[in-house]
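Visitor: Fold the following, please.
(chains A and B)
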2 protein chains.
Amino acid sequence: MSQTMEKKKEKVPMNGVDTPTLLATINAVKDQPELAKFQFRASSRWLEGTHSRSQVEAFDGAGGTHTHESDYSFDADHPKVLVGGGQGPTPVEFLLHGLAGCLTAGIANVAAARGVKLTEVESTVEGDLNLLGILGLSDEVRNGYEAIRVSFKIKGDAPKEKLQEIAEQSRRRSAVYDVITQGTPIEMSVEAA
Amino acid sequence: MSQTMEKKKEKVPMNGVDTPTLLATINAVKDQPELAKFQFRASSRWLEGTHSRSQVEAFDGAGGTHTHESDYSFDADHPKVLVGGGQGPTPVEFLLHGLAGCLTAGIANVAAARGVKLTEVESTVEGDLNLLGILGLSDEVRNGYEAIRVSFKIKGDAPKEKLQEIAEQSRRRSAVYDVITQGTPIEMSVEAA
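Guide: Model (predicted):
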């Protein structure tokens, strides 16, 4: 293979994704699979009524502990129509954010790896929640979202089908999509005094 | 039943929760179950690399459309150690926030309904994520969190066991706990150009 051809195959940064470094990182993890073990953490404090504030904490992974570039703190509350204080988004809305953010990041990474330049990625996420369960008025209605719909609009320098395949590959490898569709066991402990 | 005894049974606002109004709301929904149908929405826009920004939109419920008290906008990004821009929390961390916020709001509501005054509710949430799946290095490792642990510290004017029962009842009626443990179907559509 000529040097020119080899150069053609090289991955270049695209869409703001440093693909060469990302591929090098994947190779490093391949050699040392224990680097792939991550733990993310949040801590939360009740303020008043249904209003609470949580903080993103440092996280572990790639063999170390990492802090975020900034301190992140988020309020959550029930809306006034549900007799909450309305001092923040509702807890269920954070799930929709996480889902959009995860799928969008994946689309950018996959597009860069496939040499596709993106110009626009937008999405809307809707979640249907029937409160009859939560309010204790029905044992047949579940507490959580009954259905979630995500609609993407993607523009880039590739045919429509290729852009759709990129979104599909992002879905296939999305952490948040997997948690929401497949579920994750939660262990809860309470220290009361 | 004497008037004094009736008065004793009346619910009073507590922990910042307006319990009488909350119970009146539950009764109103009991009479008109269609009021219980809610839809929450978020919209998201890709910025650069794995960095995106989403907005909480208006939501439908109780027979109308409601806006939040403020506009909420959140960034999400992959961390630098994963070749992201580090311009926001990771999408998976928003799930931990949502979980803490939902369980905490429920604890405040349930405690108020049971006449228990809370003085402190704190929690930490940890999620274990093995990236071998996401990075395409293993077909046996899932993409999402393998396990999540929530630890609460609760203080209030009730015996330890009663506080623990309040937390347990919140878990039983938590929307986010239900979505994460049981899963919700997600429909995804892509409009590409």
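Visitor: how about the strands of chain A, start to end?
Guide: A:37-48, A:51-56, A:59-61, A:64-66, A:73-76, A:118-130, A:147-156, A:186-192 (DSSP state E).
Visitor: So which bits of stretch A:164-183 are buried?
Guide: Neighbour counts over stretch A:164-183 (16 or more other CB atoms under 10 Å in any protein chain shown) mark A:164-167, A:169-171, A:173-181, A:183 as buried. To be clear about C-beta, it is placed using only N, CA and C from the backbone, and glycine gets the same treatment.
Visitor: and the residues you listed near chain B, which?
Guide: Filtering the buried residues of stretch A:164-183 for proximity to chain B (criterion: CB under 8 Å from any CB of the partner chain) leaves A:164, A:167, A:171, A:173-181, A:183.
Visitor: Just the ones of these in helices?
Guide: A:164, A:167, A:171, A:175, A:176, A:177, A:178, A:179, A:180, A:181 (DSSP state H).
Visitor: can you list those residues in CSV and add pLDDT?
Guide: As requested, these are exported to CSV (pLDDT from 0 to 100):
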residue, pLDDT
A:164, 98
A:167, 98
A:171, 98
A:175, 98
A:176, 98
A:177, 98
A:178, 98
A:179, 98
A:180, 98
A:181, 98
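Visitor: Would you check which pair of these lies furthest apart?
Guide: Farthest-apart pair in these is A:164 and A:179; separation 23.4 Å (CB to CB).
Visitor: who's in contact with residue A:39?
Guide: Neighbour list for residue A:39: A:59, A:60, A:61, B:126, B:127, B:128, B:129 [criterion: CB atoms under 8 Å, 6 or more residues apart in numbering or on different chains].
Visitor: how about a cut-off of 10 Å?
Guide: The contact partners of residue A:39, by CB atoms under 10 Å, 6 or more residues apart in numbering or on different chains, come to A:57-61, A:65, B:126-129, B:145, B:147, B:149.
Visitor: Apart from its chain neighbours, what residue comes closest to it?
Guide: Take residue A:39 and drop its neighbours on the chain: the residue closest to it by CB to CB, 6 or more residues apart in numbering or on different chains is residue A:60, 4.5 Å away.
Visitor: could you list every residue that touches the one you found?
Guide: If you count contacts by CB under 10 Å, 6+ apart, then residue A:60 has A:37, A:38, A:39, A:40, A:41, A:66, B:126, B:128 around it.
Visitor: redo that, cut-off 8 Å
Guide: A:37, A:38, A:39, A:66.
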